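Engineer: Structure for this input, please:
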Amino acid sequence: MLQMAQVGGRDIVFDLGSGDGRIVIAAIKEFGAARGVGVELDPLRVLEANALARKAGVRDRVEFRQQDLFETDLREATVVTIYLGNAVDLLLRPKLLAELKPGARVVSHAFDMGDWAPDETQIVSGRMIFLWKIP
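Structural biologist: Residues are numbered from 1 along each chain as shown. The predicted model follows:
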């Protein structure tokens, strides 16, 4: 997902439904993103993500929020990653289009966004990955 979004040193990566934080941590450690933000409802997963970020040596460049993704301000994100499901993706779509700046990238693992045609698709390990660029 991060490779497909061409994450680099100027990017601020938000992972919605970040779980243990592995995508945000990889964005910093492997792709050199400027900053990463994970958004997760489960407080135990947020604690786990913070511990893994410390262990990976990237704690100073990541933030994990226990927050509802629909309440999260996405305006500073240049890349948003999601693995949420079709129903949630469709509900999230208006928020992404309203808050993200033109050129920001949205990458979804396995789930599309209905009639919003992706700019690119790839099959990775038998699963579809979708990329959209905000117009």
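
Engineer: now the nearest residue to Arg22 once chain neighbours are set aside, what's its secondary structure?
Structural biologist: Nearest residue to Arg22, sequence neighbours excluded (Cβ to Cβ, 6 or more residues apart in numbering): Leu52, at 7.3 Å. (C-beta placed from N, C-alpha, C; glycine too.) Counting by DSSP: H, G, I helix; E, B strand; the rest coil, the backbone at Leu52 sits in helix.

Engineer: so Leu52 makes contact with Ile23?
Structural biologist: No: counting by Cβ atoms under 8 Å, Ile23 is not a contact partner of Leu52; they are 11.3 Å apart.

Engineer: Tell me which of those two has more neighbours.
Structural biologist: Ile23 (25 against 18; other Cβ atoms under 10 Å).

Engineer: host element of the more buried one?
Structural biologist: Element membership for Ile23 (DSSP states H and E) is helix 22-29.

Engineer: Give the other helices and strands that that helix contacts.
Structural biologist: Counting contacts by 3 or more Cβ pairs under 8 Å, 6 or more residues apart in numbering; DSSP states H and E, helix 22-29 is packed against strand 12-16, strand 35-40, helix 43-56, strand 62-66.
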